[in-house]
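1. Coordinates for the following, if possible.
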Amino acid sequence: MRSWRTASSSEGYRGLRIACAFVCTLVWRAAAADDIEFHGFADLRGVAASDDATWTRGGLAKTRYGGNDGLHFGGAALRATWQAAAPLLLVADLRYEPQDRTRAGLIEAYARYRPVSIDAWRWSLKLGEFFPPISLENEGVGWTSLWTLTPSAINTWVGEELRVFGAELRVEHRGDFSTLEAAGALFTANDPAGEILFARGWAFTDLVEGVGNRLREPDVYAYLVGTEPPRRYDPFVEIDHRLGFYGDVTWRTQSGSRATVLYYDNRADPSRYHVFDGHDELFAWRTHFTSVAAQTRFGDLVLMGQGMAGTTEIAPSGFRGEAHFSAAYALAGWELGAWRPALRLDIFDTREDPAAPPALSEHGNALTFALNWRPCDWLRLTGEALRVESTRDQRLALGLAPREVDRQIQFNARFLF
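-> Next up, the predicted model:
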């Protein structure tokens with residue numbers, strides 16, 4: 001077995017160097033062409049949150065800023081797009097995150113080839129690093145939500161652990177009133193996806209992991225697996241050299257309604273792992289799930305909802321861990337000129353099997369209200385209130401009650417360009 005420093009680290013940083021070279025190429029091209037665009041933002045926010053520490057500080061609180069009130073730099077993003085030719089689009093998306101450990105990461109970098117079509121059929125091929133087409137919320141620069149500061153539990157997890165390093169083929173049929181799409185993808189380097197759901201459970205944060213970043217787990221889980229905290233791991237590594245896949249079917253109407261069914265399977269070998277940091281083990285989690293999402297509009301009112309259910313497991317010699325997970329949300333948002341209020345309800349749970357002490361299963365719900373005001377093109381002001389109620393027996397190991405209510409209020413100024 002190779003150590004993390006000789007395998008995961010070198011692979012991750014090699015990918016990061018390639019990505020940086022790609023971004024530099026786009027910047028160089030910008031001086032000589034009008035077909036490249038840059039968009040981004042920087043956040044400044046004031047936060048009031050519950051006293052319990054978030055997992056990014058070693059605790060078990062479910063919100064980003066648990067136990068860390070005050071004024072914060074919330075992060076920044078830069079997105080570059082280059083229409084290199086009529087059918088060829090190049091995209092790079094970078095995020096800068098100042099929490100846990102200050103880091104910058106490439107969250108997407110891909111090329112999409114979509115030939116011009118004048119008939120009903122059209123196809124496209126996407127190559128590179130990109131998000132699987134799961135989210136209805138996170139369609140902004142830096143994979144941010146257009147409705148709230150904090151995405152749903154589902155899309156928090158997508159931002160933390162799910163990424164495609166591979167290729168997607170998509171076929172569309174455009175009718176007079178609607179479009180039907182079908183896509184399939186093959187990918188690699190996502191074998192640890194699912195570990196954070198087992199170690200911590202669901203959470204609510206707008207932190208997004210990029211190439212070369214390492215995701216932190218709660219300290220109590222580090223002790224459970226026999227390592228010293230803080231324990232961090234790279235969610236985007238290849239362990240078993242098996243390809244994963246996803247497939248989706250999407251229906252869209254010209255009025256803005258859409259519905260998507262997606263199946264994802266990383267096909268990881270649950271018996272495989274490698275050693276990183278000289279002694280710790282990173283497992284290949286066999287993770288597969290089904291996601292169903294839909295959106296529609298009634299005048300100024302936009303309604304969207306999503307549900308996900310699946311399983312993640314490891315089975316090295318002499319041990320087996322499995323978690324069945326599910327989550328869903330419903331969001332109502334209003335587009336009222338410069339104002340955009342939104343209300344979202346989440347439910348979530350994980351069921352560990354076998355249930356060995358300390359039990360890691362959980363269930364809970366969350367309510368989010370956000371009010372967005374965009375007085376000008378370069379500024380978006382947001383106030384958000386988030387309440388998360390969860391029951392997780394893992395808290396008993398810290399001398400805490402299993403049930404906890406986390407509250408977080410944020411006032412955010414997002415400077416856009």
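2. Check which helix or strand the residue most central in space within the chain maps to.
-> With distances taken as Cα atoms, centre = their mean, G159 lies nearest the centre of the chain, 1.2 Å away. Using DSSP states H and E, G159 falls within helix 153-161.
3. which of the residues in the next helix or strand after that helix are buried?
-> Downstream of helix 153-161, the next assigned helix or strand under DSSP H and E is strand 164-174. Neighbour-count burial for strand 164-174 flags 164-166, 168, 170, 172, 174 (criterion: 16 or more other Cβ atoms under 10 Å). Just so you know, the C-beta spots here come from the backbone N, C-alpha and C atoms, and that holds for glycine as well.
4. which residues touch the residue nearest to A53 when sequence neighbours are not counted?
-> Among residues not flanking A53 along the chain, G59 sits closest, at 2.9 Å (Cβ to Cβ, 6 or more residues apart in numbering). Shown in contact with G59 (Cβ atoms under 8 Å, 6 or more residues apart in numbering): 52-53, 66-67, 218-219.
5. try E322
-> If you count contacts by Cβ under 8 Å, 6+ apart, E322 has them with 311-314, 352-354.
6. Select only the buried ones of the residues you listed in PyMOL?
-> Buried residues among those (16+ other Cβ under 10 Å), as a PyMOL selection:
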select buried, resi 311+312+313+314+352
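7. And the contacts of G59, which is closest to I118?
-> The shortest approach to I118 among the contacts of G59 belongs to G66, at 54.0 Å (Cβ to Cβ).
8. Next, S257: phi, psi?
-> Main-chain dihedrals, S257, degrees, to the nearest 10: phi -80, psi 150.
9. before we move on, what about T227?
-> Here is the backbone geometry of T227 (degrees, to the nearest 10): phi -120, psi 160.
10. is it true that it touches L282?
-> No - with contacts counted by Cβ atoms under 8 Å, T227 stays clear of L282, the gap being 11.0 Å.
11. Compare the two and say which is more crowded by neighbours.
-> Ranked by neighbour count (other Cβ atoms under 10 Å), T227 and L282 place L282 first, with 22 against 16.
12. got the CA coordinates for the host helix or strand of that one in PDB?
-> For L282, the host element (DSSP H and E) is strand 280-283. Output in PDB follows, covering the C-alpha atoms of strand 280-283 (Å, rounded to 0.1, in the frame of the first residue of the first chain):
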ATOM      1  CA  ASP A 280      -4.200   6.400   9.000                       C
ATOM      2  CA  GLU A 281      -6.500   4.400   6.700                       C
ATOM      3  CA  LEU A 282      -8.700   5.800   4.000                       C
ATOM      4  CA  PHE A 283     -11.300   3.400   2.800                       C
END
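13. residues touching the residue nearest to the centre of the chain, list them.
-> By Cβ under 8 Å, 6+ apart, the contact set of G159 is 138, 143, 151, 205-209.
14. ditto for L282
-> So L282 contacts 4, 8, 192, 195, 233-234, 237, 239, 273-276 (Cβ under 8 Å, 6+ apart).
15. ok, now V225?
-> Listed by Cβ under 8 Å, 6+ apart, the contact set of V225 reads 231, 280-281.
16. Output those residues in a markdown table, with neighbour count, distance to Q306 and pLDDT appended to each entry.
-> Shown next, in a markdown table, are the contacts of V225 (neighbours: other Cβ atoms under 10 Å; distance: Cβ to Cβ, whole Å; pLDDT from 0 to 100):
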| residue | neighbour count | distance to Q306 | pLDDT |
| --- | --- | --- | --- |
| R231 | 21 | 30 | 91 |
| D280 | 19 | 34 | 79 |
| E281 | 17 | 33 | 85 |
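17. for the helix or strand harbouring L343, the distance to its chain's centre please.
-> Per DSSP H and E: L343 is located in strand 339-353. Per Cα atoms, centre = their mean, to the nearest Å, the displacement of strand 339-353 from the mean C-alpha position of its chain is 14 Å.
18. Please save the CA atoms from stretch 168-178 in PDB.
-> Taking C-alpha atoms only, stretch 168-178 is exported to PDB below (Å, rounded to 0.1, in the frame of the first residue of the first chain):
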ATOM      1  CA  GLU A 168     -20.400  12.600 -19.600                       C
ATOM      2  CA  LEU A 169     -22.300  12.000 -22.900                       C
ATOM      3  CA  ARG A 170     -25.700  13.800 -23.100                       C
ATOM      4  CA  VAL A 171     -28.400  13.400 -25.800                       C
ATOM      5  CA  GLU A 172     -31.300  15.800 -26.100                       C
ATOM      6  CA  HIS A 173     -34.600  15.800 -28.100                       C
ATOM      7  CA  ARG A 174     -36.100  19.300 -28.400                       C
ATOM      8  CA  GLY A 175     -39.900  19.400 -29.000                       C
ATOM      9  CA  ASP A 176     -42.200  22.300 -29.600                       C
ATOM     10  CA  PHE A 177     -42.900  22.800 -25.800                       C
ATOM     11  CA  SER A 178     -40.400  20.600 -23.900                       C
END
